[in-house]
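[1] Below are the sequence and a predicted model for it; my questions follow.
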Amino acid sequence: MTTASLISQVCAISLTVSLFVAIYVILRSRGLRVVLSASLFVAFLVATQLSVKIVESKPFNWRYPGLLTTLHFSCVVVAVSVYW
């Protein structure tokens, strides 16, 4: 592992920890449930973005990101409709 790669990883970890600490500090007065919900929302959002990045790169070379977005929003509409 090169020094630049190590520095990059340390910066990424520091930024991630700072983000979740900020979420906690901002939302702590609203209770643990809200803090956990917001933290999970951010974590799932990042996971979704990384998944799309993987699917669009080699060896998959998926060329239809708009279809993924449409499918995602359609699933959200169904999930919200079932919830309500």
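    Received the coordinates, thanks.
[2] SS state for P59?
    Per DSSP: H, G, I helix; E, B strand; the rest coil, the secondary structure class of P59 is coil.
[3] actually R63, not the one I typed
    Recorded secondary structure, R63: coil (three-state DSSP).
[4] Next one: the residue nearest to it when sequence neighbours are not counted from L68, what distance?
    Spatial nearest neighbour of R63, excluding adjacent residues (C-beta to C-beta, 6 or more residues apart in numbering): E56 at 8.0 Å. Every C-beta, even on glycine, is put in place using the N, C-alpha and C of the backbone. E56 sits 9 Å away from L68, going by C-beta to C-beta, to the nearest Å.
[5] repeat for A47
    Counting by C-beta to C-beta, the gap from A47 to L68 is 14 Å.
[6] Of these two, which one has the most company?
    Comparing A47 with L68 by other C-beta atoms under 10 Å, the one with more neighbours is L68, at 15 against 10.
[7] my guess is that one meets K53, correct?
    No: with contact defined as C-beta atoms under 8 Å, L68 does not count as touching K53 (11.2 Å).
[8] about what we covered before: pull the contacting residues for the residue nearest to R63.
    E56 is in contact with W62, R63, P65, counting by C-beta atoms under 8 Å, 6 or more residues apart in numbering.
[9] so what sits against both of E56 and L68?
    Common neighbours of E56 and L68 (C-beta under 8 Å, 6+ apart) are W62.
[10] Run through this structure and note the low-pLDDT ranges.
    For the chain, no stretch is flagged by pLDDT under 70.
[11] if I look at the residue nearest the centre of it, how far off is R63?
    Central residue of the chain (C-alpha atoms, centre = their mean): V46, 1.7 Å from the mean position. Distance of V46 to R63, computed by C-beta to C-beta: 23 Å.
[12] where's S81, which helix or strand?
    Element membership for S81, per DSSP states H and E: helix 65-83.
[13] and that helix, how far out from the chain's middle?
    Distance of helix 65-83 from its chain centroid, counting by C-alpha atoms, centre = their mean, to the nearest Å, is 16 Å.
[14] What helices and strands are in contact with that helix?
    Contacts defined by 3 or more C-beta pairs under 8 Å, 6 or more residues apart in numbering; DSSP states H and E place helix 65-83 against helix 32-56.
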